[in-house]
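Visitor: model this:
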Amino acid sequence: MHTSTSRKRSSRVPTMTVTPATPVLTRCAWANPANPRYLAYHDEEWGKPCHDEVRLFEMLNLEGAQAGLSWETILNKRDNYRRAFDNWDAKKIARYDQDKVAALLADAGIVRNRLKIAAAISNAQAYLKLRTETGGLAPFLWAYVEGKPIQNEWTLLGGNPATTPLSDRISKDLGKRGFKFVGSTIIYAYMQAIGMVNDHCVECFRHQAVAE
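Guide: Sure thing, here's the model as predicted:
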């Protein structure tokens, strides 16, 4: 006799793979989310205390080059500046002659402003002198804050100043030492960039990380 057997239905429920949602990071309002270079600068560099002499010299000149322009414009040209200015080797820049200046004025990769190019050369000469007197920009600058960054607590709504009494002092001191394009507004932006002040807004995910 033929006996029929019934197939057992599987009791297994199909599983679904759930991809965790990428957390949305809150950043300072100025960080342009459409520019990866800008985001990387905000997330990895801006506000982080810096004691590296080459970068301190680079940023001082780039902040000066920004005068009248946006920082994003300068940041997009940063690699070109490194190429054009010998990776910010102050000894080489201090010896630039008129032929080199002419080459820089013809270089479309940088801001072709004669005064700003001349300032970079003057700054190299002033920096070399500063280095023999104080050891460099790092000991000179960080002495103003006793080696500890100023911790501010601005919000996304703003409130951070363009200058402070401290940026006024540093600006005057650098000017007396022969540095150019070092007005107080430029110097405060410089202080923010190199981490002498923590000006990430309190809502920004980098605020606490930089503070620590």
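
Visitor: Now do the strands in this protein.
Guide: Along the chain, the segments classed as strands by DSSP state E run 150-151, 197-198.

Visitor: quick one: low-confidence parts of the chain?
Guide: Counting by pLDDT under 70, the chain shows low-confidence ranges at 1-23.

Visitor: and with 50 instead?
Guide: Within the chain, the stretches with pLDDT under 50 are 1-10.

Visitor: who are the neighbours in contact with Thr164?
Guide: The contact partners of Thr164, taken as C-beta atoms under 8 Å, 6 or more residues apart in numbering, are Tyr188. Bear in mind the C-beta positions are built from the backbone N, C-alpha and C, glycine included.

Visitor: Next one: it from Arg95, what distance?
Guide: Note on Thr164: its distance to Arg95, by C-beta to C-beta, to the nearest Å, is 35 Å.

Visitor: can you check Glu212 too?
Guide: 42 Å.

Visitor: Looking at the two, which is more packed in?
Guide: A side-by-side neighbour count of Glu212 and Arg95, using other C-beta atoms under 10 Å, places Arg95 first with 12 against 5.

Visitor: which non-adjacent residue is nearest Tyr81?
Guide: For Tyr81, the nearest residue in space outside its immediate sequence neighbours is Ile110; the separation is 5.5 Å by C-beta to C-beta, 6 or more residues apart in numbering.

Visitor: Was I right to think the one you found contacts Arg82?
Guide: No. Here Ile110 lies out of contact with Arg82, judged by C-beta atoms under 8 Å, at a distance of 10.0 Å.

Visitor: neighbour count winner among those two?
Guide: Ile110 (20 against 14).

Visitor: Tell me which residues are up against the lengthiest helix in the chain.
Guide: Ranked by residue count and defined by DSSP state H, the top helix of the chain is helix 114-134. The set of residues external to helix 114-134 that reach it, using C-beta under 8 Å, 6+ apart, is 53, 57, 60-61, 64-65, 67, 85, 90-91, 93-94, 96, 101, 104-105, 136-137, 140, 174, 177-181.

Visitor: since we're on Ile74, how many residues are nearby?
Guide: Number of residues near Ile74 (other C-beta under 10 Å) recorded here: 19.

Visitor: same check, this time on Leu115
Guide: When counting by other C-beta under 10 Å, one arrives at 10 neighbours for Leu115.

Visitor: do Gln192 as well
Guide: 19.

Visitor: And Ile194, by the same measure?
Guide: Here the number of neighbours of Ile194 (other C-beta under 10 Å) works out to 26.

Visitor: Which residues are in contact with the spatially closest residue to it that is not a sequence neighbour?
Guide: Nearest residue to Ile194, sequence neighbours excluded (C-beta to C-beta, 6+ apart): Cys50, at 4.3 Å. When contacts are counted by C-beta under 8 Å, 6+ apart, Cys50 touches Leu56, Met59, Ala138, Ile194, Gly195.
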